[in-house]
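[1] quick one: sequence plus predicted model below, questions after.
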Amino acid sequence: MQPTNRLYLDDDDHCFQAAAIVVAVSGDSLACDRTCFYPGGGGQPPDQGRVRLEHGDVLEIVSAHADPGGVVWHVATTGLSPAFVGLRAHLSLDRERRLALTRPREPHLRGGAPVDLSHGEQGQDQQTAVCTVGEPLAFLLLLRV
């Protein structure tokens, strides 16, 4: 099977929807020839959303993952049929969730404790880091030169 064409790699506007063809079904997952769903990685969770098949069925997608061959599998909440292979599909992901997951996080400063990172003599080029634990975990590095 060919790797899935990952449309979000070529779209600066986040690619929230796509037309595709179902190319495989395995258990509770389906693969399409192309996708706008990010399969997760690098600390970012996978996208969620819906797949509307040409005959009208709507599948809720709760996760996505890529296999070693580069195929992105969309994990559905309902049973899938091998008869879905070859059908046209409209993929749409949860836009608000995608934007929330890709938005830069503000550092949380409450309860932070400075940690000295300098080695040996402290002088004018002292370095200090403030680390905090909160939701989400945030780190802020302050440099004084």
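    Everything's here; your move.

[2] let's verify residue 90: helix, strand, or coil?
    When classified by DSSP: H, G, I helix; E, B strand; the rest coil, residue 90 comes out as strand.

[3] not counting its neighbours along the chain, what's nearest it?
    residue 52 (4.5 Å; CB to CB, 6 or more residues apart in numbering). Bear in mind the C-beta positions are built from the backbone N, C-alpha and C, glycine included.

[4] got a list of what the one you found touches?
    58, 59, 89, 90, 92 (CB atoms under 8 Å, 6 or more residues apart in numbering).

[5] please spell out the PyMOL selection for the buried subset of those residues.
    Only the buried entries of the contacts of residue 52 go into this PyMOL selection, using 16 or more other CB atoms under 10 Å:
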select buried, resi 59+89+92
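
[6] describe which strands the host helix or strand of the residue nearest to residue 90 pairs with in its sheet and in which direction.
    Element membership for residue 52, per DSSP states H and E: strand 49-53. Neighbouring strands of strand 49-53 in its sheet, by DSSP bridges, are strand 58-66 (antiparallel), strand 88-93 (antiparallel).
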